[in-house]
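# Sequence plus the predicted model coming up.
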Number of protein chains: 2
Amino acid sequence: MQITVLAGGVGGAKFLRGVRAACPGDEVTAIVNTGDDVTLHGLRITPDLDSVMYTLADANDLERGWGRAGESWRIQDELKAYGAEPSWFNLGDLDIATHLVRTRMLDAGYPLSDVVAALCTRWHTGIRLLPMTDERCETHVIVDLDGGRRAIHFQEWWVKHRAGLPAHGFVQIGLDDARPAPGVLEAIATADAVLIAPSNPVVSIGTVLGVPGIREAIAATPGRVVGVSPIIDGAPVRGMADVCLPAIGVEVSAEGVGRHYGARADGGGLLDTWLIHKSDTADVPGVDVRAVPLLMTDDEASAAMVREALR
Amino acid sequence: MQITVLAGGVGGAKFLRGVRAACPGDEVTAIVNTGDDVTLHGLRITPDLDSVMYTLADANDLERGWGRAGESWRIQDELKAYGAEPSWFNLGDLDIATHLVRTRMLDAGYPLSDVVAALCTRWHTGIRLLPMTDERCETHVIVDLDGGRRAIHFQEWWVKHRAGLPAHGFVQIGLDDARPAPGVLEAIATADAVLIAPSNPVVSIGTVLGVPGIREAIAATPGRVVGVSPIIDGAPVRGMADVCLPAIGVEVSAEGVGRHYGARADGGGLLDTWLIHKSDTADVPGVDVRAVPLLMTDDEASAAMVREALR
């Protein structure tokens, strides 16, 4: 079987571990959000791709929830001692090595998808990782800051301000002109199932869906399209979907997100099936809504959830 | 008093500590070799400038003899795990932070001399450091390798091959067209004394002298020009001058190097005074040769040597 997953970072990574556990022998492709990407200190950083890569390789830090296990922060302290800005982004030493290899390959002219493939040869992810696009495309957040309305980079909003500044909207710079990375449209067109991970519907899944051609490919795929709600009991399981959804006028509920994604049967939507947590209810016209356990407490729980999605 | 020093890396750094100790209140400028500079993993690395900067700031590792005290090597291990080449160059974690700041500033268009000044605001060197040139200019070594005669980067010869491949010559790529960095010619022209540190006469001092205009400035300066022999009892105190000097046809002796530098009085040479170790003898026509203790065992010994040089 061929399974294609749309995913963001940490939540997407957990979900992908579940897919891998549930589907041994199947061909799994993850199309990962790159809208969170940023260049800092001359390093090109792809947080979602790295979260997925490290997590699939058992190299992620479980306690902190992001980044590498056994990470240290010596270089970051040095950069601060030099007064190098910005100093609010957490750059681990081990992580910097990944960024150095990536930046060097990008500077040499390799597309990001080739860089991801090269990095993954070390990590044995067991799942093919594709960036949604090879082109630079960065999410900015419209906020009120320093007495005016401004667009700041997603990472500045997310990390520096801890999403504490009310978001009036999101602008994905470069997205309208981005092309899907090689293999992305094919992976959707030939999939037996397209799964939408329980990642942030706005700044992760929403950004992937904003790459011209991806939404159309999902509409046209013969495979079943199954979404998994990131909202349980009216709140995101992780991340900050609760501050992102209102900014685009979507209710923070499993039903709200399900309706936002919409029914494929209607022509304009995405979903054939919408998985919500067993304690939730949702009415999404034209979509087969199923209430099942959605908590990804461990790989087995995630895998059980994926088996429900694929049933 | 105004003192200007031509210097290489580790030996030059020790000497400069002596100058600083011997000349409190004086204005000291170091013109530092950049021919050893190299770009690796996308990082611009300036080994001699860093050796001088760290050593003057008491931030150098005394036991290893180069690099930062308290250094670690996590990123280098990661780069090896990714298969990123080359893997023979030692890149410390703390050092990489310096390289990141430097590379970012260079990429933004700042000249190296501005970058050095910016880095030094953190380190409080007490001596003004100037790169010999802002332009890229890298020493290559002519060797027999893989069945043919080739030019390899100085660092590849020095670090990877530990200077074990016989050098048939040195080629400083870019040197003929390099211009002295801002302040270099002025620092020589207005100096009360120009000191030539006991650094490698070929790949450190020789490279500095190869920047068009520097040799002429030394010939014309009203200040006294005093060289310090890096060779004691027929061998270099540190480094590998003994394998560099024969490649350019110079005898490995205090006399050989003194004659190589030559007398300013003759028109073509550099020296007014040549300091050799107390146990050595040297006949350098036209030059005031003085035998004094030259071992830089500690700052006080180095300072005593500098006081002899300035007497």
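Noted; the coordinates are in hand. Numbers count the residues shown, from 1 in each chain, chains lettered A, B, ... in the order given.
# In the stretch 101-250 of chain A, mark out all the strands, start to finish.
Along the stretch 101-250 of chain A, counting by DSSP state E, counting those that start in this stretch, strands occupy A:128-131, A:138-145, A:148-153, A:169-173, A:193-196, A:224-228, A:231-232, A:235-236.
# Same list (those) but as CSV, adding mean neighbour count, distance to chain B and mean pLDDT.
The way it works is simple: take the backbone N, C-alpha and C, and place the C-beta from them, glycine included. As requested, the strands of the stretch 101-250 of chain A are exported to CSV (neighbours: other C-beta atoms under 10 Å in any protein chain shown; distance: least, C-beta to the nearest C-beta, whole Å; pLDDT from 0 to 100):
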stretch, mean neighbour count, distance to chain B, mean pLDDT
strand A:128-131, 23, 15, 98
strand A:138-145, 20, 18, 96
strand A:148-153, 14, 17, 96
strand A:169-173, 16, 21, 95
strand A:193-196, 27, 30, 98
strand A:224-228, 25, 33, 98
strand A:231-232, 23, 37, 96
strand A:235-236, 17, 32, 90
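# and of those, who's closest to residue B:66?
Minimum separation from residue B:66 across the strands of the stretch 101-250 of chain A (C-beta to C-beta) falls at strand A:148-153, 38.3 Å.
# what's next to the longest helix belonging to chain A, contact-wise?
If you go by DSSP state H, chain A has its longest helix at helix A:93-107. For helix A:93-107, the external contacting residues (C-beta atoms under 8 Å, 6 or more residues apart in numbering or on different chains) are A:42-46, A:50, A:67-68, A:70-76, A:91, A:112, A:114-115, A:118-119, B:41-43, B:72, B:74-75, B:78-79, B:82, B:84, B:93, B:96.
# Can you pull the residues of the stretch 1-150 of chain A lying near chain B?
A:41-43, A:72, A:74-75, A:78-79, A:81-84, A:93-94, A:96-98, A:100-101, A:103-104, A:107, A:119, A:121-122 (C-beta under 8 Å from any C-beta of the partner chain).
# and if we set it to 6 Å?
A:41-42, A:74-75, A:78-79, A:81-82, A:84, A:93-94, A:96-97, A:100-101, A:103-104, A:122 (C-beta under 6 Å from any C-beta of the partner chain).
# I'd like to know which of those residues are buried.
A:41-42, A:74-75, A:78-79, A:82, A:84, A:93-94, A:96-97, A:100-101, A:103-104, A:122 (16 or more other C-beta atoms under 10 Å in any protein chain shown).
# related to what we said a few turns ago, could you give the separation of the longest helix of chain A from the chain centroid?
20 Å (C-alpha atoms, centre = their mean, to the nearest Å).
# can you check stretch A:110-130 too?
So, by C-alpha atoms, centre = their mean, the centroid of stretch A:110-130 is 16 Å from its chain's centroid.
# try stretch A:6-16
With C-alpha atoms, centre = their mean, you get 6 Å for stretch A:6-16.
# And the residue of the stretch 101-250 of chain A found nearest chain B, how close does it get to residue B:43?
Nearest to chain B, among the residues of the stretch 101-250 of chain A, is residue A:104, at 4.1 Å (C-beta to the nearest C-beta). Residue A:104 is 9 Å from residue B:43, where distance means C-beta to C-beta, to the nearest Å.
# Same question for residue A:58.
29 Å.
# Comparing the two, which residue is more hemmed in?
Shown here are residue A:58 and residue B:43; by other C-beta atoms under 10 Å in any protein chain shown, residue B:43 has more neighbours (20 against 11).
# And the pLDDT at the closest residue to the more buried one other than its chain neighbours?
Among residues not flanking residue B:43 along the chain, residue B:99 sits closest, at 3.9 Å (C-beta to C-beta, 6 or more residues apart in numbering or on different chains). As predicted, residue B:99 sits at a pLDDT of 98.
# and residue A:4, which of the three is it?
Using DSSP: H, G, I helix; E, B strand; the rest coil, the structure places residue A:4 in strand.
# My guess is it contacts residue A:195. True?
No: checked against C-beta atoms under 6 Å, the pair residue A:4 and residue A:195 is beyond contact range at 7.3 Å.
# Contacts for stretch A:18-38 next, please.
A:1-8, A:16, A:45-49, A:52, A:126-132, A:139, A:153-155, A:172, A:184, A:187, A:204, A:207-208, A:299, A:302-303, A:305-307 (C-beta atoms under 6 Å, 6 or more residues apart in numbering or on different chains).
# first vs last residue of that stretch, how far apart are they?
Length of stretch A:18-38, first residue to last, C-alpha to C-alpha, to the nearest Å: 28 Å.
# Okay, residue A:302 and chain B: tell me how far apart.
27 Å (C-beta to the nearest C-beta, to the nearest Å).
# swap that for residue A:50, sorry
The value you get for residue A:50 to chain B, if C-beta to the nearest C-beta is used, is 13 Å.
# ok, which stretches of chain A are helices?
Using DSSP H, helices in chain A cover A:10-22, A:47-56, A:74-81, A:93-107, A:112-123, A:154-155, A:184-189, A:205-209, A:214-220, A:241-244, A:254-261, A:299-310.
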